[in-house]
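**Q** Got a predicted structure plus its sequence, pasted below:
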Amino acid sequence: MTFELNAGKLLGMFAPLWALLAVSLLVNPDAWASETWTFAWVAALPLVATGLLWGFGRRRWRLELTPTALIHHTLGRTEVLEWRRMEPIAVSAVPGLDLVTPSSLHFAYAGDGAGGAIGKVLGKRLLSVFGDGGARRLVSQIEDYRRLHGV
C-alpha cells in the first residue's frame, strides 16, 4: 500500500508564511505598495515551491507499507522503519494551527545504533503530507494495515 505526496497538504505547510505576510501588509502597507514586485514574489513563492516539490517529488516522496516495515521515501533517501520496533502512531499537530498546517505522525522507534535509545525516548516524526484524507485517517489506515498483517 502506498500513500503519495498530496499537493494540497504540501501547500498547507506554507500557510504561516501567508499569515505573516498578511500581518506585514496590514502593519506597513506603504512599504509593500512601493515594492509591489517583491510582495508578489514573496506571496507566489509558496506556490512555486509547492509546484516544484510536487512535480519533482510526487513519485519519490511517499509512504509505503509492507508486511514487515513502513518505508519513508524522501527526495534524498529511503528510510525503512520496521513494524516490530515501532510503537503505535499518534498525530501531533501545532496547537492553534491544526486547520492550516499539516500535522506530523509521531511514534517511538527503537532503531539501530546510538539513535536507538534516543529514538525510543524522543521518537520519530513524519510530516503528514501523504494520502487524500486527514492525518487521523492516515494513522487509522496505517494501524489497520499493521493489524491485518499481525504486527
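**A** That came through, no problem.
**Q** So which helix or strand of the chain has the lowest pLDDT on average?
**A** Using mean pLDDT, DSSP states H and E, the weakest-scoring helix or strand in the chain turns out to be helix 115-122, at a mean of 60.
**Q** residues of the helix or strand that that one is followed by that come out buried?
**A** Helices and strands here follow DSSP states H and E; after helix 115-122, the next one along the chain is strand 124-127. By neighbour count with 16 or more other CB atoms under 10 Å, strand 124-127 contains the buried residues 124, 126-127. For the C-beta atoms, the positions are set from N, CA and C on the backbone; glycine is no exception.
**Q** Contacts for strand 124-127 next, please.
**A** For strand 124-127, the surrounding residues in contact (CB atoms under 8 Å, 6 or more residues apart in numbering) are 13, 63, 72, 81, 92, 102, 104-109.
**Q** if we can go back for a sec, looking at the buried residues of strand 124-127, which is nearest Leu138?
**A** Distance to Leu138, by CB to CB, is smallest for Leu126 among those, at 9.8 Å.
**Q** And the closest one, how close does it get to Ser34?
**A** Taking CB to CB, to the nearest Å as the measure, Leu126 and Ser34 are separated by 42 Å.
**Q** just Val139 next, same as before
**A** Using CB to CB, Val139 is found at 47 Å from Ser34.
**Q** out of the two, which sits in the more crowded spot?
**A** Neighbours per residue (other CB atoms under 10 Å) separate Val139 from Ser34, with Val139 holding more: 20 against 9.
**Q** residue contacts, the residue nearest to Arg137 when sequence neighbours are not counted?
**A** Leaving out its chain neighbours, the residue that sits closest to Arg137 by CB to CB, 6 or more residues apart in numbering is Gly131, at 7.3 Å. By CB under 8 Å, 6+ apart, Gly131 lies in contact with 3-4, 6, 63, 137-138, 141.
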